[in-house]
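[1] Sequence first, then the predicted structure:
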Amino acid sequence: MSDPEVFETWCRAWAIGLLRVLKPGGHLAAFGGSRTWHRMARGVESAGFQIRDQIAWLYSSGMPKSMDLSRAADQASAMVEEFVAGATKKSLSAKYAVHTQTVSAHVRKVGAMRPEKVTDEVLADFAAGVATADLAERCGVTPDTILRYARLAGVQASHQLQQAEIEKIVDLYAQGVKIIEIGRRFGIGNQHARRVLDGAGVVIRPRGRRPMLADRQGEVMGLRSQGWSYARIADRVGVNATTVREYVLRWTT
């Protein structure tokens with residue numbers, strides 16, 4: 001006799017005893033686990049009870065059952081990368097069908113692993129208006145690393161761009177770098193970057209079709225196999241992290 005059958009037999013045994021002492025017209029309310037409730041129901045019914053109704057408790061959290069841990073880890077990583085790229089916790093919650101607190105937990109976990117060089121003092125300087133490039137040079141990391149951990153820590157820069165930074169923005173835009181990528185590099189919003197370009201007399205390029213990565217599969221997958229994050233690859237190929245993730249998933253499924 002298998003374990004489920006043993007459980008069903010045990011349920012039938014106590015249900016028989018319960019039915020014997022239950023007053024006429026009495027009811028039994030029994031609670032079963034998500035994987036064994038049907039065995040309990042069969043045991044109770046075979047003891048002589050009539051199944052009148054059932055109440056299901058649906059919940060979205062708790063112990064994972066039959067979960068693909070590898071897929072869950074990839075999803076958590078993707079959520080963090082998209083959050084760093086600018087997605088809101090609410091939008092990620094809706095996209096991945098999880099609670100906003102779950103998104104926050106993943107963000108806090110990754111944020112707690114920031115490099116020792118990126119100290120609280122560095123983040124405070126970032127918030128005070130010190131240029132991202134200067135902070136990156138001081139810490140010996142890339143500007144994207146400073147922006148990444150500032151975003152994870154919830155720190156926002158509120159600084160006026162220096163003339164050298166404005167000239168760099170104009171130069172990057174002239175090289176074909178997108179406004180969204182310029183904003184990420186300098187820790188400013190898209191509208192702020194656009195105003196800087198407008199103020200410098202730069203003609204904004206018309207918005208075209210979304211860049212495609214179909215002809216760069218080898219390059220993207222090669223970088224991914226080396227451990228590059230979606231955000232880092234996005235910086236390299238000139239698209240956002242969500243686009244990179246969509247193509248990687250398409251190529252691997």
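    Cool, the structure landed.

[2] How about Asp198, nearest residue that isn't a chain neighbour?
    Ile204 (7.2 Å; Cβ to Cβ, 6 or more residues apart in numbering). Bear in mind the C-beta positions are built from the backbone N, C-alpha and C, glycine included.

[3] sec struct for the one you found, please.
    coil (DSSP: H, G, I helix; E, B strand; the rest coil).

[4] now Gly26: how far from Ser70?
    50 Å (Cβ to Cβ, to the nearest Å).

[5] Any idea which residue is closest to the centre of the chain?
    Met79 (1.5 Å; Cα atoms, centre = their mean).

[6] From Ala30, how far off is that residue?
    Distance, Met79 to Ala30, using Cβ to Cβ: 39 Å.

[7] Please apply the same query to Phe126.
    Phe126 is 58 Å from Ala30, by Cβ to Cβ.

[8] can you check Thr36 too?
    Relative to Ala30, Thr36 is positioned 11 Å away (Cβ to Cβ).

[9] go on, Tyr96?
    35 Å.

[10] wait, doesn't Ile166 sit right on Val196?
    Yes. The pair Ile166 / Val196 is scored as a contact, 5.8 Å apart, by Cβ atoms under 8 Å.

[11] who has more neighbours, those two?
    Legend: neighbour count by other Cβ atoms under 10 Å for Ile166 and Val196, higher for Val196 (21 against 16).

[12] List the contacts of that one.
    161, 166, 169-170, 188 (Cβ atoms under 8 Å, 6 or more residues apart in numbering).

[13] Between which two of these is the distance greatest?
    The span of the contacts of Val196, defined through Cβ to Cβ, is set by Val170 and Ile188 at 13.9 Å.

[14] pLDDT below threshold where in the stretch 151-253 of the chain?
    157-160, 187, 206-214 (pLDDT under 70).

[15] what number of residues lie near Gly201?
    7.

[16] Also Arg194?
    17.

[17] now the one 3 residues further on
    Here the count is done by other Cβ under 10 Å, and Leu197 has 20 residues near it.

[18] try Arg42
    Residues near Arg42, counting by other Cβ under 10 Å, number 15.

[19] quick one: secondary structure of the closest residue to it other than its chain neighbours?
    Distances taken as Cβ to Cβ, 6+ apart put Glu8 closest to Arg42, at 5.6 Å, once the chain neighbours are dropped. Recorded secondary structure, Glu8: helix (three-state DSSP).

[20] how does this protein divide up, domain by domain?
    Domain ranges of the chain: 3-46, 70-199, 214-252, per automatic domain parsing.

[21] Against which helices or strands is the strand or helix carrying Arg20 packed?
    Using DSSP states H and E, Arg20 falls within helix 3-21. Of the remaining helices and strands, those touching helix 3-21 by 3 or more Cβ pairs under 8 Å, 6 or more residues apart in numbering; DSSP states H and E are helix 37-46.

[22] ok now the next helix or strand after the helix it packs on, how far from the chain's centre?
    Moving toward the C-terminus from helix 37-46, the next helix or strand (DSSP H and E) is helix 69-84. Distance, stretch centre to chain centre, for helix 69-84: 5 Å (Cα atoms, centre = their mean, to the nearest Å).
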